[in-house]
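Q: Give me a model of this one.
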Amino acid sequence: MRSEKPLMSAGCRVSPGAEFTIPNTRSLGDNSAGRAAGEASPATPRLSTPMTPTRDAIVDLVPVRTVPIYRPLRWLALGWRDFTHAPAPSALHGLIVAAGGIVILFVTLRHWYLLPGAFSGFVLIGPILATGLYELSRRLAAGVELPTVTDVVRAWARATRPLVWLGLLLALAATAWVLVSAVLIALFVKAPITGLEDFLRHVVLSRSSNLFYVWTALGGIGAALVFAATVVSAPFLLDRDVDFTVALMTSIRAVGANPAAMGVWATIIMVATALSMATLMIGFVIVIPVIGHATWHAYRDVVDADALPPRQ
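A: Prediction:
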């Protein structure tokens, strides 16, 4: 008479995530007589290969916090604090963005129809331009008293691949918007535009068409989509070892969980950007560092990423 085999031998281990297949109940009942006679049941447990969590599962596992509507004011205060603690590398980011804005301004002096699209696109790629500021805030939070530009360079080297993908997405969105703006003006404006006065008369203040309203509405929709996808994805990619899609989806979830607070934050960014442009881009020297540092604190406030592995 055969002895019944044990369910698991002493040396057998089930790896985390292994699947146990339970024998069919009817089958067990049918073989009850055989077991009474000392025979082993033919049904044995089966172990499957451990399953790797899907991307959707990872996205759902990243906790997103809900914050009050006034929390963006705290983000601004923390952004200013980080700016004052690392003024030189922070101001360098602002100077680079201001210089880029001035270059765009001079380029569009001869091509006014490109002006709205060019500046809108310039604003769209802001999150990727502030990557170094996120790293400065991260280092300050870790206790580094005086982070430097070297830390910024190392951050770019550490997170190059996902940040490049994000940068390509933003550059594509910016380019598409410039093209859309140019096509709209070419289709709806018949008069030649040779300067700022013509642009204001035939595009902004025109009563014969609704071009300006259509352009504003399309721009608002596009900006809202880009904002939702990138408001915390860039600092998330820099901080944790997640892929591009997980970061984008988590950013969208964060906006969905905090529509009021994120609406206030978007308004603050738009007002600060408009004021900086009104000062012929000089305001960006201060605005970009403060907003960049504040964005890091927004990410840390609404996304609980501590359980995820840090990016090395």
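
Q: Mind listing what's buried along the helix or strand harbouring L179?
A: Element membership of L179, judged by DSSP states H and E, is helix 160-188. Going by neighbour count (16 or more other CB atoms under 10 Å), the buried part of helix 160-188 is 162-163, 165-167, 169-170, 173-174, 177-178, 180-182, 184-185, 188. Quick note: C-beta positions are derived from backbone N, CA and C, even for glycine.

Q: what sits against the closest residue to V264 other than its chain neighbours?
A: Nearest non-adjacent residue to V264, counting by CB to CB, 6 or more residues apart in numbering: P72, 4.9 Å away. By CB atoms under 8 Å, 6 or more residues apart in numbering, the residues touching P72 are 261, 264-265, 268, 294, 298.

Q: could you redo the last one with a cut-off of 10 Å?
A: 258, 260-269, 294, 297-298, 301 (CB atoms under 10 Å, 6 or more residues apart in numbering).

Q: wait, is it part of a helix?
A: Yes. Per DSSP: H, G, I helix; E, B strand; the rest coil, P72 lies within a helix segment.

Q: Can you flag the buried ones in the contacts of P72?
A: 258, 261-262, 264-266, 268-269, 294, 297-298, 301.

Q: Which member of the residues you listed is positioned nearest Y213?
A: A266 (20.2 Å; CB to CB).

Q: Make sure that closest one is indeed in a helix.
A: Yes. Counting by three-state DSSP, A266 falls inside a helix.

Q: For the one helix or strand F106 maps to, give the mean pLDDT please.
A: In this structure, F106 sits in helix 87-107 according to DSSP H and E. Helix 87-107 carries an average pLDDT of 88.

Q: Now for the residue positioned nearest the centre of the chain: which residues touch it?
A: Nearest to the mean C-alpha position of the chain, counting by CA atoms, centre = their mean, stands S233 at 1.9 Å. By CB under 10 Å, 6+ apart, S233 lies in contact with 127-128, 162-163, 166, 169, 242, 244-252, 254, 299, 303.

Q: could you measure it against V290, distance?
A: 20 Å (CB to CB, to the nearest Å).

Q: what's the answer for I269, then?
A: Separation of I269 from V290 (CB to CB): 11 Å.

Q: got it, and A98?
A: Counting by CB to CB - A98 and V290 are separated by 14 Å.

Q: ok so, going back, of the buried ones among the contacts of P72, closest to T108?
A: Nearest to T108 among those, with distances taken as CB to CB, is I269, at 22.0 Å.

Q: Show me what the one helix or strand the closest one maps to is packed against.
A: Following DSSP H and E, one finds I269 within helix 259-278. Packing partners of helix 259-278 (3 or more CB pairs under 10 Å, 6 or more residues apart in numbering; DSSP states H and E): helix 71-85, helix 87-107, helix 115-124, helix 211-230, helix 244-257, helix 284-302.

Q: T150: which of these is closest?
A: Among these, the nearest to T150 by CB to CB is helix 87-107 (9.1 Å).

Q: How far off centre is the closest one?
A: Here helix 87-107 is found 22 Å from its chain centre; the criterion is CA atoms, centre = their mean, to the nearest Å.

Q: For that helix, which residues meet the burial criterion?
A: Quick answer for helix 87-107 (16+ other CB under 10 Å): 89-94, 97-98, 101, 104-105.

Q: how about that helix as PDB, C-alpha atoms only?
A: Output in PDB follows, covering the C-alpha atoms of helix 87-107 (Å, rounded to 0.1, in the frame of the first residue of the first chain):
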ATOM      1  CA  PRO A  87      19.900  81.600  -4.100                       C
ATOM      2  CA  ALA A  88      22.700  81.200  -6.600                       C
ATOM      3  CA  PRO A  89      21.700  77.900  -8.400                       C
ATOM      4  CA  SER A  90      18.100  78.800  -8.100                       C
ATOM      5  CA  ALA A  91      18.500  82.300  -9.700                       C
ATOM      6  CA  LEU A  92      20.600  80.700 -12.400                       C
ATOM      7  CA  HIS A  93      17.500  78.700 -13.500                       C
ATOM      8  CA  GLY A  94      15.500  82.000 -13.600                       C
ATOM      9  CA  LEU A  95      18.100  83.700 -15.600                       C
ATOM     10  CA  ILE A  96      18.200  81.000 -18.200                       C
ATOM     11  CA  VAL A  97      14.400  81.000 -18.600                       C
ATOM     12  CA  ALA A  98      14.300  84.800 -18.800                       C
ATOM     13  CA  ALA A  99      17.000  84.800 -21.500                       C
ATOM     14  CA  GLY A 100      15.000  82.200 -23.400                       C
ATOM     15  CA  GLY A 101      11.900  84.400 -23.200                       C
ATOM     16  CA  ILE A 102      13.800  87.400 -24.500                       C
ATOM     17  CA  VAL A 103      15.200  85.400 -27.400                       C
ATOM     18  CA  ILE A 104      11.600  84.300 -28.300                       C
ATOM     19  CA  LEU A 105      10.400  87.900 -28.000                       C
ATOM     20  CA  PHE A 106      13.000  89.100 -30.500                       C
ATOM     21  CA  VAL A 107      12.300  86.300 -32.900                       C
END
